[in-house]
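Visitor: need a 3D model of the sequence below.
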Amino acid sequence: MARMLSANFSLEELCKSQQATRRDIDNGLREPADAPLIANLERVCRRILQPVRDHFGTPFTPSSGYRCLALNRAIGSKDGSQHVRGEAADFEVPGVANAELAFWIRDNLEYDQLILEFYTPGDPTSGWVHCSIVESGNRRDQLTINRSGTLPGLVP
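Guide: The predicted model follows:
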């Protein structure tokens, strides 16, 4: 039976990675050794992903949640990524423009960092949303990343 982190999100789906599978990297977490990472993922699920699911009413699966350091390095991400600490998820909600999703999170949820990544105005399915949360001291940092670089704030 799957270990549920919230009503609709499981530990397995927050660790699942097509990139890890392709590269034969074990990206799984196990209790009790990984309890702190699992607690972080549970916070992401309960305070970010589940409220998004409840509000929009549409099932979705994060494209990226936890990443072990080997996987994170293999895809070219920085060692300090919040994905490595289980504090972040990348996701989209079918039928919801990613800019709309990012603005809803900004206006309704507590978060540490919210990034609208590679969104193209006029193409609602382009890009994705990255959102992280920490136990305390969330910065409410907002960024937009596109082909031109990184911009402060959410810029659709």
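Visitor: correct me, but residue 8 touches residue 50?
Guide: Yes: counting by CB atoms under 8 Å, residue 8 touches residue 50, with 6.2 Å between them. The C-beta positions use only the backbone N, C-alpha and C, and glycine is treated the same way.
Visitor: how about the helices in this structure?
Guide: 11-15, 18-23, 35-44, 50-56, 69-74, 98-108 (DSSP state H).
Visitor: could you look over those and pick the most buried one?
Guide: Per-stretch averages of neighbours, counted by mean count of other CB atoms under 10 Å, single out helix 11-15 among the helices of the chain, with a mean of 21.
Visitor: who's in contact with that helix?
Guide: With contacts defined as CB atoms under 8 Å, 6 or more residues apart in numbering, helix 11-15 is touched by 2-5, 27-29, 38, 41, 44-45, 61-62, 65-66, 86, 89.
Visitor: one more: stretch 149-156?
Guide: Outside of stretch 149-156, the residues within contact range by CB under 8 Å, 6+ apart are 99, 102, 103, 106, 114, 116, 119, 121, 142, 143, 144, 145.
Visitor: no further questions, thank you.
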